[in-house]
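Participant: here is my input, please return the structure:
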Amino acid sequence: MEFFITKNNLKKALFTVSHISGKNVNLPILNNVMIKIEDKNIKLITTDLEIGITHNMRGKIEKEGVFTVNSKVFYDYINLLPDKKIKIKRNEKNLEVECD
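Facilitator: Numbers count the residues shown, from 1 in each chain. I've put the predicted structure just below:
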């Protein structure tokens, strides 16, 4: 999985989907946001098992794939980055985030 996106687009999408994640202590995976890239679409998906949110984003896709990451940690980290283009890449079991 590899794609490029602007910080503002990613930040808005994470803000939208992260409202329902992070409230379940029994199932820690529900604290995560799924980043799914398929069919030329970048999607962020979260659920709390009662409702789910899917947010489509625009960006440049290099490779398709799926990965989950803690939504609060990811959102907080993205907020620290400068307002530039961000490269997100899955490397085996890690998610690499690059920005100028």
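Participant: tell me, what residue is most central in the chain?
Facilitator: Residue closest to the mean C-alpha point of the chain, counted by CA atoms, centre = their mean, is I35 at 4.7 Å.
Participant: doesn't that residue lie inside a helix?
Facilitator: No - per DSSP: H, G, I helix; E, B strand; the rest coil, I35 lies outside any helix segment and is strand.
Participant: confirm for me that it is in contact with T54.
Facilitator: No - counting by CB atoms under 8 Å, I35 stays clear of T54, with 11.5 Å between them. For every residue, glycine as well, the C-beta is placed using N, CA and C.
Participant: hey, what's in contact with both of the two?
Facilitator: Common contact partners of I35 and T54 (CB atoms under 8 Å, 6 or more residues apart in numbering): K43, L44.
Participant: what sits against the residue nearest to the centre of the chain?
Facilitator: M1, I42, K43, L44, V66, F67, T68, V69, I88, L95.
Participant: also S21?
Facilitator: L30, N31, N32, V33, T46, T47, D48, S71, K72.
Participant: how about a cut-off of 7 Å?
Facilitator: By CB atoms under 7 Å, 6 or more residues apart in numbering, the residues touching S21 are L30, N31, N32, V33, T46, D48, S71.
Participant: check it and give its pLDDT.
Facilitator: Confidence at S21, expressed as pLDDT, is 75.
Participant: and I35, by the same measure?
Facilitator: So, for I35, pLDDT stands at 96.
Participant: give me the below-cutoff pLDDT ranges for the protein.
Facilitator: 22-25 (pLDDT under 70).
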